[in-house]
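Colleague: structure of the sequence below:
(one chain, ligands or ions: 2)
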Amino acid sequence: MGEILGLLKVVVVQGKRLVIRDFKSSDPYVVLKLGDQVAKTKVINSCLNPVWNEELTFSLADPVGVLNLEVFDKDRFKADDEMGHANLNLQPLVSAARLSHVLRVSSGEMTLRKVVPDSENCLVRESCISSVNGEVVQSVWLRLRGVESGEIELKQRDTCYIASAGLPDLVYSGYKPHAYSWNEFPPLRDILDAVHKELPGSIFNSLLLNRYKGGNDYVSWHADDEKLYGSTPEIASVTFGCEREFLLKKKPHKSSQERCDEKPPPLKRFKRSSSHSDQHSFTLKHGSLLVMRGNTQRDWLHSVPKRAKAETTRINLTFRRVV
Ligand SMILES: O=C(O)CCC(=O)C(=O)O
Ligand SMILES: [Fe+2]
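Modeller: Ligands and ions are numbered 1, 2, ... in the order given. I've put the predicted structure just below:
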């Protein structure tokens, strides 16, 4: 693989008019392949217009190549049946992202490029590549080949990183987001001031914003233990909108410094809604502030799991200090 350009986050949104492969319907799932990276959605039973809304992540290397998509019907007792395939050339998206970087587009919405359907590609209709507040996004409908009917919609998900001037680049799961300035987002600067007031002595100089459009958007188990946050990172996490469950679990291998009788990490202002000895669950409500500090990132992992009941958008701001 060549130089890693970043992460490609593809949301497999939905399918329409998929073909029948069982008696009256199909149990479709999507497989995406980029080079030797493969990712799959879950199976949706008995549905020809399925909604997956599942995000699949790939690393993007130079040359970027083509994203291959295949739809299958899940069968229990025989091999899965093919329900069509399509591909998407990623080059327009990557060159539009480079263009937006050069133009320093950072706020508002701007169409960078249009890709039109032709005999080579699988586009159902024209697809716009836009910069939406600095994130380059593309939404496409792909016509499935090798079958009589069927279309699949793909999209990208947004994240946003804001940092004070002069800080080193953040590399987040191998991806280097563009750093906006606080001046571009006065309301976020106000929230930062409010957090500083709440936590005297703490100094945050960067912010990662995550938007969860619904219960299918999630953050898997991880620790924010990147070197740039120092040995005992302090993270203040503010939630707006839909409440979601936040889980903490002990890292599998205990660090030598850790004592056996160690208590769960100090989390300010939170009531635990459930706990086993090595896993704890907290409900993060609208307006809540959760603080992780001390050895939390060294010894614990955290996640925001999928939740079918979480129907509305949640915005999470994590203020951090790059040392
Ligand atoms: O959304 C949340 O509550 C947590 C997000 C998170 O863990 C992260 O951005 O590192
Ligand atoms: Fe995190």
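
Colleague: render the CA-only coordinates of stretch 65-84 in CSV, please.
Modeller: Below are the C-alpha coordinates for stretch 65-84, written out as CSV (Å, rounded to 0.1, in the frame of the first residue of the first chain):
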residue,chain,number,x,y,z
GLY,A,65,-8.6,2.9,-6.6
VAL,A,66,-12.2,1.7,-6.8
LEU,A,67,-14.7,0.8,-4.1
ASN,A,68,-16.5,-2.4,-5.0
LEU,A,69,-19.9,-3.1,-3.7
GLU,A,70,-21.8,-6.5,-3.7
VAL,A,71,-25.2,-7.3,-2.4
PHE,A,72,-26.0,-10.8,-1.2
ASP,A,73,-29.1,-12.7,0.0
LYS,A,74,-28.2,-14.5,3.2
ASP,A,75,-29.2,-18.2,3.1
ARG,A,76,-28.9,-20.6,6.0
PHE,A,77,-28.5,-23.9,4.2
LYS,A,78,-26.8,-23.0,1.0
ALA,A,79,-24.3,-20.4,-0.4
ASP,A,80,-25.6,-16.8,-0.3
ASP,A,81,-27.2,-15.7,-3.6
GLU,A,82,-25.8,-12.7,-5.5
MET,A,83,-28.1,-9.7,-5.7
GLY,A,84,-26.0,-7.5,-7.9
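
Colleague: now do the buried residues in it.
Modeller: Judged by neighbour count using 16 or more other CB atoms under 10 Å, the buried positions of stretch 65-84 are 65, 67, 69-74, 80-81, 83-84. Every residue, glycine included, has its C-beta placed from N, CA and C.

Colleague: with those in mind, which one is nearest to residue 252?
Modeller: Closest approach to residue 252 among the buried residues of stretch 65-84 (CB to CB): residue 74, at 31.7 Å.

Colleague: next secondary structure after the lowest-mean-pLDDT helix or strand in the chain?
Modeller: Least confident helix or strand of the chain, by mean pLDDT, DSSP states H and E, is strand 274-275 with a mean of 54. As assigned by DSSP states H and E, the chain's next helix or strand after strand 274-275 is strand 279-284.
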